[in-house]
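> show me the folded form of this:
(chains A and B)
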Amino acid sequence: MTALGALLDRHRLVVCVGAGGVGKTTVSAAIGLAAARRGRRVMVLTIDPARALARALGLAALAPGGQPVPAAALAAAGLTLTGELHAGMLDQKVAWDAFVRRHAAPDAAATLLANPFYQSLSTSFAGSTEYMAIEEMCRLADSGRFDLIVLDTPPSSHALDFLRAPARLAPLLERGVVTALARPAAAAGALARFVLRRLEGVAGASTLRDLSAFFVAVEALVDVAAARARRGHELLHGGQAAYVLVAGPRDLVLAETGALAASMAAAAAPLAAVVLNRVAPRPSAPAAAIDDALAGLPALAVDAAAIAWLRAAWDDASAAAAAEAVSIARFAAALPPAIAVAAIPEGDGDVHTLRALTAMADRL
Amino acid sequence: MIAARRGLGLAVGAVLVTRCRPAAPPGVDDAIARLRGFAEGDVVDGPARSARAALADVGAPARTWEAIQAAGVAALEVEAGVRAVRLPRLWLTDGFAQAAALAGAVGAAAR
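Residues are numbered from 1 along each chain as shown, chains lettered A, B, ... in the order given. Alright, predicted model coming up:
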């Protein structure tokens, strides 16, 4: 552990951002494991069911609310943690329901949970996942149970999308808007009442009643939601969070990261580290020894086509490692020195064991 | 995307797949197994043994990814109804050189 060590000791939150398919969930778990080995009580919260990762952690599945990595799994991997490692998955429907139950009066909660608009919005509204991820992050951070929350954010083409997404929900939760929508007939004039009657004819009276009932129930949560949003903003932008970009080692990603770092700094969400995942590993034998090994293959009854393919695979791996090393060196030199860079070599598939996750954590 | 084009009455056109590994001939899996077998035995000396192990360590994941890629491209070809043009993996750090190499590969495929 070199590049990210200080970052893991200093912060209360590590927010992993990046596009889909770059191994962000696995890197988040490796970051959590690395911090737990440094003595911190860690919760890794992911939005990805990541069954292979759950199995690697000795868990049947990543459950909402999280659970500790079993001592038996740690012992089997020869690991002794001075801290704690917990992992959980954000199920946005479960999280929204729990949020409503926590913050609304029992009658209002029951009404809202049964409302068809709530049931649809709590699973499909744009920004809903991100909003609830931040809410869960606040809840876990404020519980006092953990020293560090590692948040694996939903995939996005731009790292700042995660921070911007909750703003899409904000207009829905503004008091004036909700109050007007909760009491449309009272708030509106004759023209609006005329429009509402026409809408009833199209959508049905029960639909509009459901919609109105939804906003009446939501009204009770508006102040709570606003307070939670402020708390989320404080945690995310108040210097307690470290943002880690997980990316592949492709040139385009590397070229864009400098601009991304500048825009994140401007948004008071400074990029603390870049983890380049699945970097081509440097082949571990001299070219002459490989030539000899290939020359010896006919004696092992290996045909010429297979030997040529193995030669091409070796040359490809060597060229990939050399090209990526040049790109990464160029990239690291152009980044502000405060941003740590870690490179994790590509394996031959998903991380299936705690040992493999430990090897990844060692690279951070 | 293919279904969307069909829905609009548009032809699929050409399908180009970038970063393709060369198709593995039938003997590759056996060759990797032999490299591993000899790497673990005591028939050859230390440096030769480690070179064979290194070759197997590179060959095995390359073969895994090649098989995944071959299955994916085959499925794409069935869906598209056209043969895909397989462009090679290139590891050039210069953008112009990369574009020139790709242009050559596309031109060769078009002939």
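
> got a list of what A:His11 touches?
Listed by CB atoms under 8 Å, 6 or more residues apart in numbering or on different chains, the contact set of A:His11 reads A:148, A:240-242, A:272. Where you see a C-beta, it was placed from the backbone N, CA and C, and this is true even at glycine.

> quick check on it: phi, psi?
When read as degrees, to the nearest 10, the backbone of A:His11 gives phi -100, psi 160.

> distance check, it against chain B.
35 Å (CB to the nearest CB, to the nearest Å).

> do you know the pLDDT at that residue?
On pLDDT, A:His11 comes in at 92.

> could you do the one 5 residues further on as well?
The model reports A:Cys16 with a pLDDT of 90.

> beta partners of it?
Going by DSSP bridges, A:Cys16 is paired in beta bridges with A:Asp152, A:Val244.

> hmm, A:Ile31 and it touching each other?
Yes. Between A:Cys16 and A:Ile31 a contact is recorded at 7.0 Å, counting by CB atoms under 8 Å.

> name the residues contacting each of these two.
With CB under 8 Å, 6+ apart, A:Cys16 and A:Ile31 have common neighbours A:150, A:244.

> the host helix or strand of B:Leu87 pairs with which strands?
Assigned by DSSP states H and E, B:Leu87 belongs to strand B:85-88. As defined by DSSP bridges, the strand partners of strand B:85-88 come to strand B:16-20 (parallel).

> contacts for the strand it pairs with next, please.
Taking CB under 8 Å, 6+ apart as the rule, strand B:16-20 contacts B:69, B:73, B:76, B:84-90, B:102, B:106.

> can you lay out the contacts of A:His11 as a markdown table showing pLDDT and secondary structure?
Shown next, in a markdown table, are those (pLDDT from 0 to 100; DSSP: H, G, I helix; E, B strand; the rest coil):
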| residue | pLDDT | secondary structure |
| --- | --- | --- |
| A:Leu148 | 95 | strand |
| A:Gln240 | 88 | coil |
| A:Ala241 | 90 | strand |
| A:Ala242 | 91 | strand |
| A:Ala272 | 90 | strand |
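
> by contact count, what packs against the lengthiest helix in chain B?
Counting residues, the longest helix found in chain B (DSSP state H) is helix B:46-80. Applying 3 or more CB pairs under 8 Å, 6 or more residues apart in numbering or on different chains; DSSP states H and E, one finds that helix B:46-80 contacts helix A:287-295, helix A:304-334, strand B:16-20, helix B:28-40.

> let me know the average pLDDT across it.
89.

> go through that helix and flag the buried ones.
B:48-63, B:65-66, B:69, B:73, B:80 (16 or more other CB atoms under 10 Å in any protein chain shown).

> now the contacts of A:His11: which count as buried?
Using 16+ other CB under 10 Å as the threshold, A:148, A:241-242, A:272 are the buried ones among these.

> for the residue nearest to the spatial centre of chain B, give me its contacts.
In chain B, the residue lying closest to the centroid (CA atoms, centre = their mean) is B:Arg21, at 1.5 Å. Residues in contact with B:Arg21 (CB under 8 Å, 6+ apart) are A:313, A:316, B:62, B:65-66, B:69, B:89.

> repeat the analysis, applying 10 Å as the threshold.
By CB atoms under 10 Å, 6 or more residues apart in numbering or on different chains, the residues touching B:Arg21 are A:309, A:312-313, A:316, B:62-63, B:65-70, B:86, B:88-89.

> packing partners for the host helix or strand of A:Lys93?
Taking DSSP H and E as the criterion, A:Lys93 maps to helix A:92-103. Contacts defined by 3 or more CB pairs under 10 Å, 6 or more residues apart in numbering or on different chains; DSSP states H and E place helix A:92-103 against helix A:106-114, helix A:116-124, helix A:128-142, helix A:222-237.

> could I get those as TSV with mean neighbour count and mean pLDDT?
TSV is the format used below for the helices and strands packed on helix A:92-103 (neighbours: other CB atoms under 10 Å in any protein chain shown; pLDDT from 0 to 100):
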stretch	mean neighbour count	mean pLDDT
helix A:106-114	15	83
helix A:116-124	15	73
helix A:128-142	22	83
helix A:222-237	16	80
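
> now the strand holding B:Leu87 - C-alpha only, PDB.
The C-alpha atoms that make up strand B:85-88 are tabulated as PDB, following Å, rounded to 0.1, in the frame of the first residue of the first chain:
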ATOM      1  CA  VAL B  85     -14.800  -7.100 -40.100                       C
ATOM      2  CA  ARG B  86     -12.300  -8.000 -37.400                       C
ATOM      3  CA  LEU B  87      -9.800  -5.200 -36.800                       C
ATOM      4  CA  PRO B  88      -6.600  -6.100 -34.800                       C
END
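
> the helix or strand just after it to helix A:304-334, inter-axis angle?
Using DSSP H and E, the helix or strand that follows strand B:85-88 towards the C-terminus is helix B:95-110. Following axes from the mean of the first three to the mean of the last three CA atoms, to 10 degrees, one obtains 150 degrees for the angle between helix B:95-110 and helix A:304-334.

> dump helix B:95-110 to CSV, restricted to CA.
Written as CSV, here are the backbone C-alpha positions of helix B:95-110 (Å, rounded to 0.1, in the frame of the first residue of the first chain):
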residue,chain,number,x,y,z
GLY,B,95,-2.7,8.6,-32.9
PHE,B,96,-1.8,9.0,-36.6
ALA,B,97,0.1,5.8,-36.8
GLN,B,98,-2.9,4.0,-35.2
ALA,B,99,-5.3,5.6,-37.7
ALA,B,100,-3.1,4.6,-40.6
ALA,B,101,-2.8,1.0,-39.3
LEU,B,102,-6.6,0.8,-38.9
ALA,B,103,-7.2,2.3,-42.3
GLY,B,104,-4.9,-0.4,-43.8
ALA,B,105,-6.8,-3.2,-42.0
VAL,B,106,-10.2,-1.8,-43.0
GLY,B,107,-9.0,-1.4,-46.6
ALA,B,108,-7.7,-5.0,-46.7
ALA,B,109,-11.0,-6.3,-45.4
ALA,B,110,-13.0,-4.3,-48.0
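
> that one and chain A, are they touching?
Yes. Counting by CB under 10 Å from any CB of the partner chain, chain A is contacted by helix B:95-110 at B:95, B:98.

> buried set for that helix?
B:102, B:105.

> can you give the contact residues for that helix?
Contacts to helix B:95-110, defined as CB under 10 Å, 6+ apart, come from residues A:251, A:323, B:14, B:16, B:18, B:20, B:83-88, B:90-92, B:94.
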